[in-house]
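J.: only the shape, not the letters, is given here:
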Ligand code: G6P
């Protein structure tokens with residue numbers, strides 16, 4: 001049986017019993033801001049995490065605790081920072097946590113994105129180890145712990161923590177409420193011990209994370225790196241057969257769960273008028289009816305944006321027949337721009353785009369179009385659908401959901417995905433044109449393939465990639481995680497299911513044992529796939 005929203009709903013209801021689901025992620029799924037006319041509007045932020053988790057919350061219900069980062073966020077919340085979302089049809093609660101600019105500076109820009117982000121990505125960017133940032137990080141983790149404890153209201157809860165912003169949170173929660181069940185998913189890669197253990201607070205981070213009942217990563221490789229770090233840095237017992245760590249009377253299971261997207265969202269975002277939206281973008285930027293290669297990223301130095309621009313330059317030198325024959329459109333959402341490395345990158349991309357356009361462009365044709373602004377998913381999906389190809393050239397990426405989104409947008413079975421071998425997605429989307437982004441010639445060959453691949457070959461590859469994402473979707477990811485950690489949720493009667501008239505009363509104390517065997521089988525198959533068997 002495939003995974004759907006309905007199946008996840010059922011698994012959540014039976015696995016959670018009466019326990020409340022509390023998700024913690026730094027980034028909120030909906031940001032309220034003031035439009036130029038002073039009205040309050042809301043947007044969805046850029047970045048794969050929120051896009052992936054929002055449908056899960058819509059299926060499971062509960063509370064999402066996040067930093068309230070929009071300038072109009074306070075205008076729509078109740079006194080304790082709560083607001084129902086999605087804003088147009090609320091079905092779960094967003095609890096906003098307020099941070100001062102100094103806290104944001106030390107915790108978010110400093111420790112999370114100036115230290116842990118470069119520490120975990122193999123991109124040769126030097127992490128900054130600043131005791132002041134670390135202090136802010138510790139304090140903000142405590143602030144989030146307080147908010148979670150308030151939301152749990154002393155009752156049973158499963159706290160599902162996201163990412164590298166909250167390495168200390170699980171331990172803080174367990175110290176206050178040992179009965180809470182906590183799982184954490186690390187959305188970025190985990191480095192090997194040689195790299196990770198240079199961090200002055202490596203032991204605190206590892207100990208904090210081992211407060212979790214379950215620690216999830218995208219790949220077995222990341223799990224192995226994590227276990228090696230734990231093994232070298234801490235007093236503990238590692239059960240390598242069961243992938244579990246025993247420390248101070250607590251067991252943490254460490255397993256891979258490759259994240260994905262909701263394939264149904266593509267139809268929703270595309271709607272009936274995607275072609276009109278794509279047409280408007282084409283007119284606005286003078287793209288005519290030429291084939292497009294698109295890139296969609298936050299402007300982040302892990303994404304390999306300069307590398308793909310150099311590959312565009314190389315392709316134009318090596319294949320002069322392609323001059324005037326296509327556009328490369330880079331949607332680059334501004335990101336973390338208080339950090340110098342991010343500002344420098346934006347300047348570099350602007351400079352490279354201008355240089356390439358000067359060198360190769362003509363009066364009526366500019367090869368590179370850099371759209372350095374936030375774009376809503378409706379426009380992004382219209383571009384995916386309209387493009388000849390999409391390029392994802394990350395230098396290192398835990399998964400990369402742009403690759404999977406592009407595939408879900410192509411119900412026409414056309415379009416070529418050029419994908420970096422250094423993404424988690426490359427392990428699943430093996431029918432993409434795979435390329436090493438550090439190798440400009442290989443990436444240029446990938447772009448050339450995207451512009452020249454025969455339709456039959458595109459269809460053959462796209463069909464297989466679509467089948468993979470359809471099957472390994474976000475509901476499966478969440479369902480497998482919930483099934484694993486749900487074993488630790490104390491038995492409590494599930495809340496009554498909402499049922500339509502005449503429907504049979506479910507047995508409230510029955511867990512979804514029918515699913516048990518199927519899930520165990522899938523876990524085994526995933527483990528074998530990830531082990532390369
Ligand atoms: C990555 C991280 C997420 C983050 C996203 C966007 O995907 O794993 O935790 O939300 O980037 O970055 P931002 O800093 O804007 O939240």
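T.: Structure's in. What do you need? Please read all numbers here as calculations on a predicted model, not as lab measurements.

J.: please count neighbours and contacts with C-alpha atoms only from this point.
T.: Noted.

J.: residue 173 contacts residue 143, correct?
T.: No - Residue 173 is beyond contact range of residue 143, at 11.1 Å (criterion: C-alpha atoms under 8 Å).

J.: around the ligand, which positions in the chain sit nearby?
T.: Counting by C-alpha under 6 Å from any ligand atom, the chain comes close to the ligand at 27, 47, 48, 49, 163, 187, 188, 335.

J.: how about the contacts made by the residue of the chain found nearest the ligand?
T.: As assessed by C-alpha to the nearest ligand atom, the ligand sits closest to residue 47 within the chain, at 4.2 Å. Applying C-alpha atoms under 8 Å, 6 or more residues apart in numbering to residue 47 gives the contacts 297, 298.

J.: now residue 312
T.: 328, 444, 447.

J.: which of the residues you listed sits closest to residue 192?
T.: Nearest to residue 192 among the contacts of residue 312, counting by C-alpha to C-alpha, is residue 444 at 30.5 Å.

J.: report how many residues lie close to the closest residue to the closest one other than its chain neighbours.
T.: Distances taken as C-alpha to C-alpha, 6 or more residues apart in numbering put residue 311 closest to residue 444, at 4.5 Å, once the chain neighbours are dropped. If you count neighbours by other C-alpha atoms under 10 Å, residue 311 ends up with 24.

J.: gap between residue 183 and residue 42?
T.: Per C-alpha to C-alpha, to the nearest Å, residue 183 is found 29 Å from residue 42.

J.: neighbour-wise, which of the two wins?
T.: Neighbour count, other C-alpha under 10 Å: between residue 183 and residue 42, residue 183 has more, with 28 against 17.

J.: that one against residue 209, yeah?
T.: No - Residue 183 is not in contact with residue 209 according to C-alpha under 8 Å; the separation is 9.3 Å.

J.: what do those two both touch?
T.: With C-alpha under 8 Å, 6+ apart as the test, residue 183 and residue 209 both reach residue 215.

J.: show me the helices in the stretch 301-450 of the chain, by range?
T.: 305-318, 340-360, 377-386, 401-408, 425-428, 440-452 (DSSP state H, counting those that start in this stretch).

J.: for the ones you listed, give me JSON lines that also has mean pLDDT.
T.: What follows is the helices of the stretch 301-450 of the chain, written out as JSON lines (pLDDT from 0 to 100):
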{"stretch": "helix 305-318", "mean pLDDT": "98"}
{"stretch": "helix 340-360", "mean pLDDT": "98"}
{"stretch": "helix 377-386", "mean pLDDT": "98"}
{"stretch": "helix 401-408", "mean pLDDT": "98"}
{"stretch": "helix 425-428", "mean pLDDT": "98"}
{"stretch": "helix 440-452", "mean pLDDT": "98"}
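
J.: in CSV: these, plus distance to residue 267.
T.: Output for the helices of the stretch 301-450 of the chain, formatted as CSV (distance: least, C-alpha to C-alpha, whole Å):
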stretch, distance to residue 267
helix 305-318, 28
helix 340-360, 32
helix 377-386, 9
helix 401-408, 9
helix 425-428, 22
helix 440-452, 24
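
J.: partner residues bridging residue 397?
T.: With DSSP bridges applied, residue 397 shows beta-bridge pairing to residue 423.

J.: any idea how far residue 419 is from it?
T.: Taking C-alpha to C-alpha, one finds residue 397 at 11 Å from residue 419.

J.: tell me the secondary structure for the residue nearest to residue 59 when sequence neighbours are not counted?
T.: The shortest distance from residue 59 to any non-neighbouring residue, by C-alpha to C-alpha, 6+ apart, is to residue 9 (5.3 Å). Secondary structure state of residue 9, per DSSP: H, G, I helix; E, B strand; the rest coil, is helix.

J.: isn't residue 9 right next to residue 60, touching?
T.: Yes - counting by C-alpha under 8 Å, residue 9 does reach residue 60; the two are 5.5 Å apart.

J.: the two: which is more packed in?
T.: Neighbour comparison, residue 9 and residue 60: the larger count goes to residue 60, with 23 against 20 (by other C-alpha under 10 Å).

J.: quick one, what contacts that one?
T.: Contacts of residue 60 (C-alpha under 8 Å, 6+ apart): 8, 9, 12, 13, 21.

J.: ok, residue 426 next?
T.: 419, 420, 432, 434.

J.: so what sits opposite the last one in the bridge?
T.: On the basis of DSSP bridges, residue 434 is bridged to residue 419.

J.: my guess is it meets residue 446, correct?
T.: Yes - with contacts counted by C-alpha under 8 Å, residue 434 reaches residue 446, the gap being 7.4 Å.

J.: can you pull the residues that touch both of these two?
T.: residue 418.

J.: what about these two, which has more around it?
T.: Each of residue 434 and residue 446 has its neighbours counted (other C-alpha under 10 Å); residue 446 has more, 27 against 20.

J.: returning to what we had before: now for the helices of the stretch 301-450 of the chain, which one comes closest to residue 256?
T.: Using C-alpha to C-alpha, these put helix 425-428 closest to residue 256, at 12.8 Å.

J.: which of the contacts of residue 60 sits closest to residue 266?
T.: residue 8 (19.2 Å).

J.: for the closest one, what are its contacts?
T.: So residue 8 contacts 59, 60, 475, 476, 478, 479 (C-alpha under 8 Å, 6+ apart).

J.: can you confirm the fifth one is in a helix?
T.: Looking back up the chat, that one is residue 478. Yes - when classified by three-state DSSP, residue 478 is found to be part of a helix.

J.: any idea how far it lies from residue 261?
T.: 11 Å.

J.: of these two, who's got more company?
T.: residue 261 (27 against 24).

J.: once you drop chain neighbours, what's closest to residue 252?
T.: residue 213 (4.6 Å).

J.: ah, wrong one, I meant residue 98
T.: Using C-alpha to C-alpha, 6+ apart, the nearest residue to residue 98 is residue 68, at 5.7 Å.

J.: per-domain residue ranges of this structure.
T.: 5-260+475-486+508-531, 264-471 (automatic domain parsing).

J.: compare those and say which comes out lowest on pLDDT.
T.: When these are compared by mean pLDDT, domain 5-260+475-486+508-531 comes last with a mean of 93.

J.: how about the helices of the stretch 301-450 of the chain, which one is nearest residue 90?
T.: Short answer: helix 377-386, nearest of the helices of the stretch 301-450 of the chain by C-alpha to C-alpha, at 19.0 Å.

J.: much appreciated, bye for now.
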